[in-house]
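Asker: Got a sequence here, can you build the structure:
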Amino acid sequence: MQGVYLTGYIPSLAILVFAVACNWARFALKRHGVRTQGRRGGDSWGAGILSVDFIYRDHEGERHYVTVSPEYIPKSGRSSLIEVVYDPRNPKRAMSAVELERPAWKTTDGLIFFIAIGIALFYTALVLVLA
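Answerer: Purely as a prediction, here's the structure:
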């Protein structure tokens, strides 16, 4: 009978694993990230959503691109330059400093994490009430 109860946690566990995978870049950048300047390279449209491409150079001088949502571009100062944080072990893993400094719970990936926790807590309460 306990196996039946435990299967109810599978959906929340799957969502939790997905959320951790989505937030992995954020965790790596907070721990090992190197800050550098990125300059605007152009705009791109994906699925009808505007994004801005920024070019930055890693510690070896290689050029990389990071796509940034307009909401993560600082409103003050020059919008053609932003601060980019990249992982020196994997320089293609990068995001704008504004996006990185935003609390995780205010991001879509962080919201998915808390939804998974909420589902698990709801299911636990349901099992306790019905048992």
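Asker: Select the longest strand from the chain.
Answerer: Counting residues, the longest strand found in the chain (DSSP state E) is strand 34-46.
Asker: Note down every partner strand of that strand and its orientation.
Answerer: Each strand paired with strand 34-46, and its direction, by DSSP bridges: strand 49-57 (antiparallel), strand 81-87 (antiparallel).
Asker: Where does the prediction get shaky in the protein?
Answerer: Along the chain, segments meeting pLDDT under 70 span 1-5, 76-79, 131.
Asker: So which residue is dead centre in it?
Answerer: Asn23 (4.6 Å; C-alpha atoms, centre = their mean).
Asker: Could you measure from the closest residue to it other than its chain neighbours over to His64?
Answerer: Spatial nearest neighbour of Asn23, chain neighbours left out: Asp109 (4.9 Å); criterion: C-beta to C-beta, 6 or more residues apart in numbering. From N, CA and C alone the C-beta is placed, and that goes for glycine too. As judged by C-beta to C-beta, to the nearest Å, Asp109 and His64 stand 21 Å apart.
Asker: Repeat that for Pro11.
Answerer: Applying C-beta to C-beta, the value for Pro11 to His64 is 37 Å.
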